[in-house]
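Participant: Take this sequence and fold it.
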Amino acid sequence: MQYPEAIDYLYSRLPVFHRIGAKAIKPGLGNTLALCEALGNPQHAFRSIHVAGTNGKGSTSHMLAAVYQSAGYRVGLYTSPHLKAFTERIRLNGRPIPEAEVAAFVDRHKGLIESVEPSFFEVTVVMAFDFFARQSVDVAIIEVGLGGRLDSTNVITPLASVITNIGNDHTDVLGDTLPLIAREKAGIIKTGIPVVISETQPETAPVFDEIAATLQAPISWADQLYTIQDNGVDNSLRQAVVLQPGKPSLRISLDLLGKYQLHNLAAVLATVDVLQSIFPVTVEAKLCAFASVTSLTGLKGRFQTLQLRPQVIADTAHNQAGLNALFETVQSLSFDTLRLVVGMVSDKDRAKALAILPPTAVYYFCQAQTPRSLPAAELQHEAARMGRMGESFMDVNTALDAALQDASPADLILITGSNYIIAELTEL
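Facilitator: Sure thing, here's the model as predicted:
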């Protein structure tokens, strides 16, 4: 079987979340455990760090991978969804899994897949575990797909669990209050295994404290351990000073430019501290890693500058908390007119997201080429009712071309609203 055949097989046979939404989810860990058992339980053959959260878990996972790569370790990284190619989901020291490995896995286990009838995500998780085990990684950074408690990745016993933040997203699956969502995310906390919480939120902190105490899991609150001062962007790097009681300050240059990344930075530093006795990391390795996350790990779509004059930025923010954080960064920039290229999926609470978007911007509404995408004309109509005015376009590249034609060199064009919109950009 060749790679294109393998990918066609996975997409055509298995339920895929990014195409049909929650209907693709197969509740419970039974399928994942059955696949793992048939493959000799590869999830137990390597050490791991498990990362959950509403926003920031992908960036945090990539930052952790960059740190351990810079320290000389052999690092696996599993994230989702991919933007351009399926192989982005599974990386070894920043390099995507070879296409031949994907094809061989599907070819070798086609009978097993047809017997178990798993989801697309369940297969990709087990493919990653199998690859990391056979590649003898020192550590694998495993990002949760959705939630935590029932997520397919939750069959590992990690060295540490990390939870970035809690916001209102996937409320149809995870619950409609922050404490309920937190309880689902906290499902990755294991007995006796340290857990790092990125942000102390009044509504969710009691949930994490309760579950960590019950499981006797040592808990760390990253934002209580570290104070991070934002010194703005200089030489295309966000400058920050990290303060920790009783220790010298640390000046960090971060190539992930969104101001919201400073919350993720604290979580990464706290996690590295927790595991320092197992995986020693020097200060020099940390500094090198933070300045080179994108080149070390291949991370894209996080406040990513695509061109200058006019400046074009792509960001995968797609929910209320993510968009709030994004526009906090946008407000720190200088520009004449803000032009927003926006697309959203149909199964999210769009009213809250649209309310965050600035009414003074010029809008270019678009849609991704996936069944979950909200038609651009419908998004345009909903936005107009809230005073966000603009034209609609059939795809993101046509919308971006229109924004570029209208823009002056001093304008800012921001593309956001959905992972799938960013994924379809021709130049990313």
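
Participant: ok, now which ones touch residue 291?
Facilitator: 237, 253, 254, 255 (C-beta atoms under 8 Å, 6 or more residues apart in numbering). Backbone N, C-alpha and C define where each C-beta goes, glycine included.

Participant: Near the last one, how many other residues are there?
Facilitator: Okay, so that is residue 255. Look at residue 255: counted by other C-beta atoms under 10 Å, it has 19 neighbours.

Participant: helix/strand/coil for residue 76?
Facilitator: Look at residue 76: counting by DSSP: H, G, I helix; E, B strand; the rest coil, its state is strand.

Participant: Relative to residue 148, how far out is the closest residue to it other than its chain neighbours?
Facilitator: Spatial nearest neighbour of residue 76, chain neighbours left out: residue 140 (3.5 Å); criterion: C-beta to C-beta, 6 or more residues apart in numbering. Separation of residue 140 from residue 148 (C-beta to C-beta, to the nearest Å): 17 Å.

Participant: Name the SS class of residue 391, please.
Facilitator: strand.

Participant: ok, now residue 257?
Facilitator: coil.

Participant: Quick one: residues contacting it.
Facilitator: Counting by C-beta under 8 Å, 6+ apart, the residues that residue 257 touches are 233, 236, 237, 238, 303, 305, 329.

Participant: Pull the contacting residues for the closest residue to residue 258 other than its chain neighbours.
Facilitator: Of all residues not flanking residue 258 in the chain, residue 303 sits nearest, at 3.8 Å (C-beta to C-beta, 6+ apart). Contact partners of residue 303, counting by C-beta under 8 Å, 6+ apart, are 256, 257, 258, 261, 313, 315, 326, 329.

Participant: ok, which pair from those residues is furthest apart?
Facilitator: Greatest spatial distance in the contacts of residue 303: 261 and 313, 13.8 Å, computed using C-beta to C-beta.

Participant: quick one: the closest residue to residue 82 other than its chain neighbours and residue 78, what's the gap?
Facilitator: Closest residue to residue 82 apart from its sequence neighbours, by C-beta to C-beta, 6+ apart: residue 88 at 4.0 Å. Taking C-beta to C-beta as the measure, residue 88 falls 10 Å from residue 78.

Participant: Look at those two and report which has more neighbours.
Facilitator: With neighbours defined as other C-beta under 10 Å, residue 88 and residue 78 compare such that residue 78 has more, 26 against 19.

Participant: Excluding chain neighbours, what is closest to the more buried one?
Facilitator: residue 128 (4.2 Å).

Participant: tell me the mean pLDDT over whichever strand or helix holds residue 252?
Facilitator: Assigned by DSSP states H and E, residue 252 falls within strand 250-254. In this model, strand 250-254 carries a mean pLDDT of 97.

Participant: Quick check: next helix or strand after that strand?
Facilitator: helix 261-274.

Participant: How far does that following helix sit from its chain's centre?
Facilitator: Chain-centre distance of helix 261-274: 15 Å, with C-alpha atoms, centre = their mean, to the nearest Å.

Participant: For that helix, which outside residues touch it?
Facilitator: 49, 56, 59-60, 63-64, 67, 160, 162, 164-165, 194, 196-199, 218, 220, 222-223, 225-226, 228, 230, 238, 240, 242, 252, 254, 256, 279, 281, 286, 290, 302-303.

Participant: out of these, which are buried?
Facilitator: 49, 56, 59-60, 63-64, 67, 160, 162, 164-165, 194, 196-199, 220, 222-223, 226, 228, 238, 240, 242, 252, 254, 256, 279, 281, 286, 290, 302-303 (16 or more other C-beta atoms under 10 Å).

Participant: sorry, back to before: in ChimeraX, select just the buried ones from the contacts of residue 257.
Facilitator: Buried residues among the contacts of residue 257 (16+ other C-beta under 10 Å), as a ChimeraX selection:
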select :233,237,238,303,329
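
Participant: quick one, strands of the stretch 1-150 of the chain?
Facilitator: Here the stretch 1-150 of the chain has its strands, by DSSP state E, counting those that start in this stretch, at 48-52, 75-78, 90-92, 95-96, 139-143.

Participant: So for residue 175, which of those strands sits nearest?
Facilitator: Short answer: strand 48-52, nearest of these by C-beta to C-beta, at 14.4 Å.

Participant: Show me which parts of that closest one are buried, residue by residue.
Facilitator: 48, 49, 50, 51, 52.

Participant: Generate CSV for these, with distance to residue 94 and pLDDT as supplementary columns.
Facilitator: Shown next, in CSV, are the buried residues of strand 48-52 (distance: C-beta to C-beta, whole Å; pLDDT from 0 to 100):
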residue, distance to residue 94, pLDDT
48, 17, 98
49, 16, 98
50, 20, 98
51, 17, 98
52, 22, 97
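
Participant: Cool, thanks, signing off.
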